[in-house]
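Asker: Sequence plus predicted model, see below.
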Amino acid sequence: MKTSAILFTLFTVGFSTPLLGQTNQIDKSRYTLWNPTPSEAMREMSTDRPDMTETPYTVDAGHFQVEADLFSYSYDRHNSARADEKVETWSYAIANLKVGLCNQVDFQLIIPTFNVVRVKDQSTGAARRQSGYGDMVARLKVNLWGNDEGRTAFGLMPFVKFPTSQDGLGNNAYEGGLILPLAISLPGGWDLGLMAELDLLQDSLGGSHHPEVFNTVALGHDIFGKLGGYVELTSLVSWETGSDWVSTLNVGFTYAVTENMQLDAGINFGLTRAADDYAPFVGISWRY
């Protein structure tokens, strides 16, 4: 989906239906990090994982939420350069730490605890391995409408990436961008998520920067009981010279252990050569 189409949907759908389905009349504007939202007034837990489509809903003021990959893996053999090599990546305990600052804003810190990348030349058998800490990302999520009521919700998420990686796992550059997530409650218990993201990244050869646009569409539904599922389509377009289109088809499941804890698992499939061939993962989220 083109960025212009997503942005049009964000504003036409959002502004035309922000008051639909209002049920919560509690004034939560007085709650802050130092005056937490009482448990009876908290909204249903919403997570940015396991799909790639971020949610516009924030963590309630004065509460904390942890969303973590317990383990993730990616495999790439059919690359766009058609190089005769295999790339495997393992990641462990990558966590997104969140805290609610006020009713409409939360702060997030993504900590890439441990990563391993192994590249093997299939023709010669030579392999190289990199491992260590990754690049940290700080994000601020601001909900503009629909946090506690309505059939739509929309938010802004500016972010900055810090060059904290080890062993050549990053590009040693500060980078950032802006995420625009939209959530829509559809008839029949279906949930639609749309996201547009604009990034400003350093060129692979260093020096200058280039923009990238990342778009996602996700459709989710409860399967039975506490088990839910989703299917998602993503698209990444870069303005860097020589870059290729990256697209994936993702499927996954969530299981609500309690109202404050969720397990998830899924797999992402590459639709283009520039994407990883497949990437399974398992994760957990909880709040307190």
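Answerer: Great, that's in hand.
Asker: pretty sure residue 264 is in a helix, no?
Answerer: No - assignment of residue 264 by DSSP: H, G, I helix; E, B strand; the rest coil gives strand, placing it outside any helix.
Asker: Specify the beta-bridge partners of it.
Answerer: residue 254, residue 283 (DSSP bridges).
Asker: Tell me who's in contact with the residue sitting nearest the centre point of the chain.
Answerer: Centroid-nearest residue in the chain: residue 52, 4.0 Å away (criterion: CA atoms, centre = their mean). Shown here is residue 52, whose contacts under the criterion CB atoms under 8 Å, 6 or more residues apart in numbering are 195, 216, 218, 232, 234, 248, 250, 268. Every C-beta, even on glycine, is put in place using the N, C-alpha and C of the backbone.
Asker: can you pull out the helices in this protein?
Answerer: The residue ranges that make up the helices of the chain, judged by DSSP state H, are 3-16.
Asker: Give me the below-cutoff pLDDT ranges for the stretch 1-150 of the chain.
Answerer: For the stretch 1-150 of the chain, applying pLDDT under 70 flags the ranges 1-25.
Asker: run the last query once more with 50
Answerer: Counting by pLDDT under 50, the stretch 1-150 of the chain contains low-confidence residues at 1-24.
Asker: mind listing the strands for it?
Answerer: Ranges of strands within the stretch 1-150 of the chain are 64-76, 85-102, 105-111, 114-121, 127-132, 136-145, based on DSSP state E, counting those that start in this stretch.
Asker: Format the ones you listed as CSV; extra columns: mean neighbour count and distance to residue 30.
Answerer: As requested, those are exported to CSV (neighbours: other CB atoms under 10 Å; distance: least, CB to CB, whole Å):
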stretch, mean neighbour count, distance to residue 30
strand 64-76, 18, 19
strand 85-102, 18, 9
strand 105-111, 19, 14
strand 114-121, 16, 41
strand 127-132, 13, 44
strand 136-145, 18, 16
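Asker: Show me the one of those strands that comes nearest residue 257.
Answerer: With CB to CB as the criterion, residue 257 lies closest to strand 64-76 of the strands of the stretch 1-150 of the chain, at 13.7 Å.
Asker: ok so, going back, just the buried ones from the contacts of residue 52?
Answerer: 195, 216, 218, 232, 234, 248, 250, 268 (16 or more other CB atoms under 10 Å).
Asker: Out of these, which is nearest to residue 78?
Answerer: Lowest distance from residue 78 to the buried ones among the contacts of residue 52 (CB to CB) belongs to residue 248, with 13.3 Å.
Asker: these two touch, right, the closest one and residue 270?
Answerer: Yes - Residue 248 is within contact range of residue 270, at 5.6 Å (criterion: CB atoms under 8 Å).
Asker: got any residues that touch both of those two?
Answerer: Common neighbours of residue 248 and residue 270, counting by CB under 8 Å, 6+ apart, are residue 276.
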